[in-house]
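1. Okay, sequence plus prediction incoming.
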Amino acid sequence: EAGVVQSPRYKIIEKKQPVAFWCNPISGHNTLYWYLQNLGQGPELLIRYENEEAVDDSQLPKDRFSAERLKGVDSTLKIQPAELGDSAVYLCASSLGGTLNTGELFFGEGSRLTVL
Amino acid sequence: GQNIDQPTEMTATEGAIVQINCTYQTSGFNGLFWYQQHAGEAPTFLSYNVLDGLEEKGRFSSFLSRSKGYSYLLLKELQMKDSASYLCAVSNQAGTALIFGKGTTLSVSS
């Protein structure tokens, strides 16, 4: 079974440029998450989707960040314009159901962004 | 809100036993998770505790005390490949997302 797939794995851009990350969750997983992980830190939730609906985007900096999951399967996270402080790893994760009482999050390998 | 504390770094030698502690303060509790993350790789699930006590899974065990807001991950018979970051996480109040600690970087030497 394929895991969570993310692309690109690495991206280097100059500040003020736009960037987009793509995620394809595990087949059948209705819930999709985008997390941000800074060096030496744990992942921090940016947004959570239930199917195509963003049910928790309270931590997403909406002035420059946007996300979509139009058909309730794959998702795109966009930053426009990027700032130096956005350099981090952007992790996508999926889970089978909306609650994590027994289930777990399955993570992709992440997209490492470097903003120069 | 949620607050999760775990040591930043730990070192140990091959074959030894190491215990990584995690304390948490939450407004609601729906379970505690441990994840392993090798450098440059995705976090992978290790264990889940929702009731007090010890859960054993091979060389790894996880303990939870809800009254004390405390958990630990116990790694036995350490191997070099166990060198990684170990992330403690608790479910948010609704049980719909995980809140992670900063992680403990474990270095295993020969």
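-> Looks like it arrived, so ask away.
2. Identify the residues contacting the closest residue to chain A within chain B.
-> Nearest to chain A, among the residues of chain B, is B:F100, at 3.2 Å (CB to the nearest CB). (Each C-beta comes from the backbone N, C-alpha and C, glycine too.) B:F100 is in contact with A:G42, A:P43, A:E44, B:I4, B:Y35, B:L87, B:C88, B:A89, counting by CB atoms under 8 Å, 6 or more residues apart in numbering or on different chains.
3. With pLDDT as added columns, please give the residues you listed in a markdown table.
-> Converted to a markdown table, these look like this (pLDDT from 0 to 100):
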| residue | pLDDT |
| --- | --- |
| A:G42 | 95 |
| A:P43 | 95 |
| A:E44 | 95 |
| B:I4 | 95 |
| B:Y35 | 96 |
| B:L87 | 97 |
| B:C88 | 97 |
| B:A89 | 94 |
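4. Just the buried residues of those residues.
-> The neighbour-count test (16 or more other CB atoms under 10 Å in any protein chain shown) marks A:G42, A:P43, B:I4, B:Y35, B:L87, B:C88, B:A89 as buried among the contacts of B:F100.
5. which residues does A:D56 contact?
-> If a contact means CB under 8 Å, 6+ apart, then A:D56 has A:L45, A:I47, A:R48, B:T96, B:A97 as its contacts.
6. So of those residues, which two are at opposite extremes in space?
-> With CB to CB as the measure, no two of those lie farther apart than A:I47 and B:T96, at 12.1 Å.
7. In terms of neighbours, single out the busier of the two.
-> When neighbours are counted by other CB atoms under 10 Å in any protein chain shown, A:I47 comes out ahead of the other of A:I47 and B:T96, with 25 against 20.
8. Just the element for B:V90, please.
-> Applying DSSP states H and E as the criterion places B:V90 in strand B:84-91.
9. what sits against the residue of chain B most remote from its centre?
-> Distance from the C-alpha centroid of chain B peaks at B:S110, with 22.9 Å (CA atoms, centre = their mean). Contacts here follow CB under 8 Å, 6+ apart; on that basis B:S110 touches B:T13, B:E14, B:M80.
10. Can you lay out those as JSON lines showing pLDDT and neighbour count?
-> Listed next are these as JSON lines, based on pLDDT from 0 to 100; neighbours: other CB atoms under 10 Å in any protein chain shown:
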{"residue": "B:T13", "pLDDT": "97", "neighbour count": "11"}
{"residue": "B:E14", "pLDDT": "97", "neighbour count": "12"}
{"residue": "B:M80", "pLDDT": "97", "neighbour count": "10"}
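11. In strands, which of these appear?
-> Residues of the contacts of B:S110 located in strands (DSSP state E): B:T13.
12. okay, the contacts of B:S110 in CSV with distance to A:Q37 next?
-> Shown next, in CSV, are those (distance: CB to CB, whole Å):
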residue, distance to A:Q37
B:T13, 29
B:E14, 28
B:M80, 24
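13. and which of the contacts of B:S110 is nearest to B:R66?
-> For the contacts of B:S110, the closest approach to B:R66 (CB to CB) belongs to B:T13, at 32.7 Å.
14. bridging residues for that closest one?
-> Taking DSSP bridges, one obtains B:S109 as the residues bridged to B:T13.
15. sorry, back to before: any idea which helix or strand comes after the strand holding B:V90?
-> Going down the chain from strand B:84-91, the next helix or strand is strand B:98-100, by DSSP H and E.
16. neighbouring strands for that next one, and are they parallel or not?
-> Applying DSSP bridges to the sheet, strand B:98-100 is found paired with strand B:84-91 (antiparallel).
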